[in-house]
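**Student:** Give me the fold of what follows.
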Amino acid sequence: MTYINKFSIRGKTAIVTGGAGILGSHFCRGLADAGASVAVVDIDVQKATEIANSITKNFEVKAKGIFCDLTSEQSVIEMVESVVNEFGTIDILHNNAAGKSSNLNAFFAPFEEYELDQWKEIMSTNLDSMFLVAKHVGKIMKEQGNGGSIIQTASIYGVMGPDNRIYDGSYYYNRQINTPAIYSASKGGVVALTKYLATYWAKDGIRVNTITPGGVESGQNETFKQNYGNRIPLGRMAQAEEMVGALIYLASDASSYVTGQNILIDGGLSAW
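**Tutor:** Okay, here's the model as predicted:
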C-alpha cells in the first residue's frame, strides 16, 4: 500500500464557497495543488475568476470562477447547476463562505444594544448559506452514488467564548474590534450542522467534517497580535496557509473513516 497517495485528490472536482476570500484563495490553491479541479465560488465573480485563471496557469488543473449569492436559494441552485455543467461531477464541497456586515457599527455593537435585523443578517450569511449549499450539493452527491466529502469552516469562537481582554487597544484595519455574540452563535451552528449531516448522509458514503481556524493574521494591529499570541501555546496567530493541510486531509481518502469531526487549527488555544 502507498499511503501518501491517499492524500491525492487528482481527478476530483471541488467547490469552494468564499473562494476569493483571505482563506478561500489559499483553500482553492491547496486543493488544486493536490490535483483537484476547482470551482471558485464567490459573490465577487471578477476576483474569483482571477484566482481561477491563476490556478489553471500555476497548477495545470481546470478552474473556473462562478458567481453566487449564498443567501439566495435560487442563486445557489444556479451555482450548483453551473458547476455540474462545467465539470461534470462534484466530489468535494468546502462550505467555507462567511461574512460580517456592511454596517460595522451595527456588527460590533454591544450585546445589550444588538439589533435583531443585524442578528438575522449575519445568521443568514454564516449559517443559512451553509444549509442551502450543503442541501443542494449533497443532493447531487447522493444522486451520483459515489459518496463525497463536505468540509465546513467554523471558528474557534464557535466552540469557546472569546477572551474580551485581548480587544483592549486592538484594531483591524484601523477599526476597533470585538467578537459579537452572533458570530459565535452562527459558527457554533456550523459545528452542529456538520454533526447532523455526518450521521444523516453516512449511509450514502458522504463524509461531513468541520475545520475550525483560530485567529489568522490578516491586518490586525500589533497590539491585537500580541494580545492574541499571549493566549496561544504556540505564541502567535496563524498564517492563512496553515489552514490548508487539514482541508486536503479531509477532502482526500486519507480521512476515509473520518466523519462528524471538528478539527481545531488553533495553535493550542483550546488545550489550555
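
**Student:** For stretch 58-72, buried residues please.
**Tutor:** For stretch 58-72, the neighbour count (16 or more other CB atoms under 10 Å) marks 59, 61, 62, 63, 64, 65, 66, 67, 68, 70, 71 as buried. (Glycine included, C-beta is placed from N, CA and C.)

**Student:** of these, closest to residue 154?
**Tutor:** Nearest to residue 154 among the buried residues of stretch 58-72 is residue 70, at 15.8 Å by CB to CB.

**Student:** quick one: which helix or strand includes the closest residue to the closest one other than its chain neighbours?
**Tutor:** Distance criterion CB to CB, 6 or more residues apart in numbering; nearest residue to residue 70, sequence neighbours excluded, is residue 129 at 3.6 Å. Using DSSP states H and E, residue 129 maps to helix 129-144.

**Student:** for that helix, what is the average pLDDT?
**Tutor:** Helix 129-144 shows a mean pLDDT of 98.

**Student:** That helix: what's the following helix or strand?
**Tutor:** Toward the C-terminus from helix 129-144 - assigned by DSSP H and E - lies strand 148-153.

**Student:** which helices and strands sit right next to that following strand?
**Tutor:** Strand 148-153 sits against strand 92-95, helix 129-144, helix 181-200, strand 206-213, helix 244-251, with contacts defined as 3 or more CB pairs under 8 Å, 6 or more residues apart in numbering; DSSP states H and E.

**Student:** ranking the ones you listed by burial, who's on top?
**Tutor:** strand 92-95 (a mean of 28; mean count of other CB atoms under 10 Å).

**Student:** elements contacting whatever helix or strand comes next after that one?
**Tutor:** Downstream of strand 92-95, the next assigned helix or strand under DSSP H and E is helix 104-107. With contacts taken as 3+ CB pairs under 8 Å, 6+ apart, helix 104-107 sits against helix 116-123.

**Student:** Centre of the chain to the helix it packs on, how far?
**Tutor:** Offset of helix 116-123 from its chain centre (CA atoms, centre = their mean, to the nearest Å): 20 Å.

**Student:** what's the answer for stretch 89-109, then?
**Tutor:** Offset of stretch 89-109 from its chain centre (CA atoms, centre = their mean): 8 Å.

**Student:** One more: stretch 63-83?
**Tutor:** 16 Å.

**Student:** who touches the residue nearest to residue 162 when sequence neighbours are not counted in this structure?
**Tutor:** Among residues not flanking residue 162 along the chain, residue 179 sits closest, at 4.1 Å (CB to CB, 6+ apart). By CB atoms under 8 Å, 6 or more residues apart in numbering, residue 179 lies in contact with 157, 162, 164, 167.

**Student:** so can I have a markdown table of the helices and strands packed on strand 148-153 showing distance to residue 47?
**Tutor:** Shown next, in a markdown table, are the helices and strands packed on strand 148-153 (distance: least, CB to CB, whole Å):
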| stretch | distance to residue 47 |
| --- | --- |
| strand 92-95 | 17 |
| helix 129-144 | 18 |
| helix 181-200 | 23 |
| strand 206-213 | 21 |
| helix 244-251 | 19 |
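
**Student:** Go through those and name the closest to residue 267.
**Tutor:** strand 206-213 (10.0 Å).

**Student:** quick one: that closest one to strand 148-153, angle?
**Tutor:** 20 degrees (axes from the mean of the first three to the mean of the last three CA atoms, to 10 degrees).

**Student:** what does the helix or strand just after strand 206-213 contact?
**Tutor:** Downstream of strand 206-213, the first helix or strand assigned by DSSP H and E is helix 222-229. With CB under 8 Å, 6+ apart as the test, helix 222-229 has contacts from 165-172, 177, 215, 217, 220, 235-237.

**Student:** CA-only coordinates of helix 222-229 in PDB, if you can.
**Tutor:** Extracted in PDB, the C-alpha atoms of helix 222-229 (Å, rounded to 0.1, in the frame of the first residue of the first chain):
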ATOM      1  CA  GLU A 222       0.400  44.800  16.700                       C
ATOM      2  CA  THR A 223      -1.500  45.200  20.000                       C
ATOM      3  CA  PHE A 224      -4.100  42.600  18.900                       C
ATOM      4  CA  LYS A 225      -1.500  40.200  17.500                       C
ATOM      5  CA  GLN A 226       0.500  40.400  20.800                       C
ATOM      6  CA  ASN A 227      -2.600  40.100  23.000                       C
ATOM      7  CA  TYR A 228      -3.900  37.100  21.000                       C
ATOM      8  CA  GLY A 229      -0.500  35.500  20.800                       C
END
